[in-house]
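Student: Prediction below, plus the sequence it came from.
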Amino acid sequence: MGYYLRKLAFYLTALWAAVTLNFVIPRMLPGNPVDILMAKLQQRGGSVDPAARTAYETLLGTGGRESFAEEYFAYLGNLLRGELGVSVSAFPAKVSDVIGDALPWTVVLVGLATLLSFLLGVGLGAVVGWKRGTWLDALVPATTVLSAVPYFWLALILVALLSSGLGWFPLNGGYDVVLDPGWSPEFIGSAIYHGTLPALTIVISSIGGWLLGMRNMMVSAMSEDYVLTARAKGLTDSRTMIRYAARNAVLPSVAGFATSLGFVVSGSIVTEQVFSYPGIGSKLLQAVQNNDYALMQGIFLVITIAVLGANLVVDLLYGLIDARTRDRSTVS
């Protein structure tokens, strides 16, 4: 029990530190969200007086007469009540509504692409590691080169070849704009069709890392005594590979996969910009461009919770799977 309590205490402390940085860093950026909002109102022909400015400063929770410490504790209080504030870039929409509209697009696209690249990379890596020294080793440099290609360049190449050249996929967007968003078969089919090329970009660019890591761990596992014992018992190669070598070699990859799942909610800003995809990454870029403190803080908070949550789950599962982890923690 002490092991789990220490882990929970550590991650609660990390969450507090991340929330504090989440409050401080956006306020270090040049500019003021109230000034941006006032400029937008003036462009629309609205009048701006000192009373209105004070009201907007209170609404946005920044730039007013409150001290930095008072703003910080007001920010913590709002978080505890689940109030993320109002977005400047999408005024007067609430931050929670903006994130709620964009997050499912990113989770589905990047989440499924990450899962697919993990399964393909680990599966191919296990086979390549088991059959090292054969022609399958050529997959390692090939996929590594694709992983080293700049993300935006790979996305542009795929757009030029598969969209502009062959016309197999649409150039941009998350769905056909003539359709109303919903759960209709037409809309779901359109969303899958528009998301195929962005997902393909993510899979191609990330599969090499999983393959290389799993291949190296398989080579190391094949020299372990339990693999040699399984072979000496006369077990088939497929059973020895899957039940003994791959089962142990995949553990570091599982930890890395859980961490990568935490970053799924941050989306892929480059991919979403190239394909004009309506995900959380494009909202984050929009928030930075408009000094939208509330939206930046809301997105960073979601990312932070996802990453810390994924790491916490991995730590707790490792404590259940491998008792040596708890024993080392107890001794230390």
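Tutor: Now that the structure is in, tell me what you want to look at.
Student: Tell me how many other residues crowd residue 177.
Tutor: By the criterion of other Cβ atoms under 10 Å, residue 177 has 8 neighbours. C-beta: built from backbone N, CA, C; applies to glycine.
Student: Kindly list the main-chain dihedrals of it?
Tutor: phi -70, psi -20 (degrees, to the nearest 10).
Student: Repeat that for residue 134.
Tutor: According to degrees, to the nearest 10, residue 134 has phi -100, psi -170.
Student: Would you agree residue 311 is in contact with residue 257?
Tutor: No - Residue 311 lies out of contact with residue 257 (Cβ atoms under 8 Å); the separation is 11.8 Å.
Student: and residue 170, what does it touch?
Tutor: Contacts here follow Cβ atoms under 8 Å, 6 or more residues apart in numbering; on that basis residue 170 touches 163, 193, 194, 197.
Student: Report the two of these separated the most.
Tutor: 163 and 193 (11.6 Å; Cβ to Cβ).
Student: between these two, what contacts are shared?
Tutor: By Cβ under 8 Å, 6+ apart, the residues touching both residue 163 and residue 193 are 169, 170.
Student: Can you report how many residues lie near residue 271?
Tutor: 26.
Student: Just the element for it, please.
Tutor: helix 269-274 (DSSP states H and E).
Student: and the contacts of residue 170, which are buried?
Tutor: 163, 194, 197 (16 or more other Cβ atoms under 10 Å).
Student: Make sure the second one is actually in contact with residue 175.
Tutor: Yes - taking contacts as Cβ under 8 Å, residue 194 lies within contact range of residue 175: 5.5 Å.
Student: doesn't residue 93 make contact with residue 86?
Tutor: Yes - shown here, residue 86 and residue 93 form a contact pair, counting by Cβ under 8 Å, at 7.3 Å.
Student: These two - which one has more neighbours?
Tutor: In this view residue 86 and residue 93 are compared by other Cβ under 10 Å, and residue 86 has more residues nearby, 23 against 14.
Student: From residue 71, how far off is the more buried one?
Tutor: In this view, residue 86 and residue 71 are 15 Å apart by Cβ to Cβ, to the nearest Å.
Student: mind listing the helices for the stretch 1-150 of the chain?
Tutor: Assigned by DSSP state H, counting those that start in this stretch, the helices in the stretch 1-150 of the chain fall at 2-27, 33-43, 50-60, 68-80, 95-130, 139-148.
Student: Output those as JSON lines; include the columns mean neighbour count.
Tutor: Formatted as JSON lines, the helices of the stretch 1-150 of the chain follow (neighbours: other Cβ atoms under 10 Å):
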{"stretch": "helix 2-27", "mean neighbour count": "14"}
{"stretch": "helix 33-43", "mean neighbour count": "16"}
{"stretch": "helix 50-60", "mean neighbour count": "15"}
{"stretch": "helix 68-80", "mean neighbour count": "13"}
{"stretch": "helix 95-130", "mean neighbour count": "20"}
{"stretch": "helix 139-148", "mean neighbour count": "15"}
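Student: right, so of the ones you listed, which gets closest to residue 167?
Tutor: Taking Cβ to Cβ, helix 95-130 is the member of the helices of the stretch 1-150 of the chain nearest to residue 167, at 21.4 Å.
Student: Average pLDDT for the closest one, rounded please.
Tutor: For helix 95-130, mean pLDDT rounds to 85.
Student: If I take it and helix 139-148, what angle do their directions form?
Tutor: Here helix 95-130 runs at an angle of 160 degrees relative to helix 139-148 (axes from the mean of the first three to the mean of the last three Cα atoms, to 10 degrees).
Student: Okay, helices next: where are they in the stretch 201-332 of the chain?
Tutor: Going by DSSP H, counting those that start in this stretch, the stretch 201-332 of the chain shows helices at 225-232, 237-239, 247-249, 251-262, 269-274, 280-289, 293-321, 323-331.
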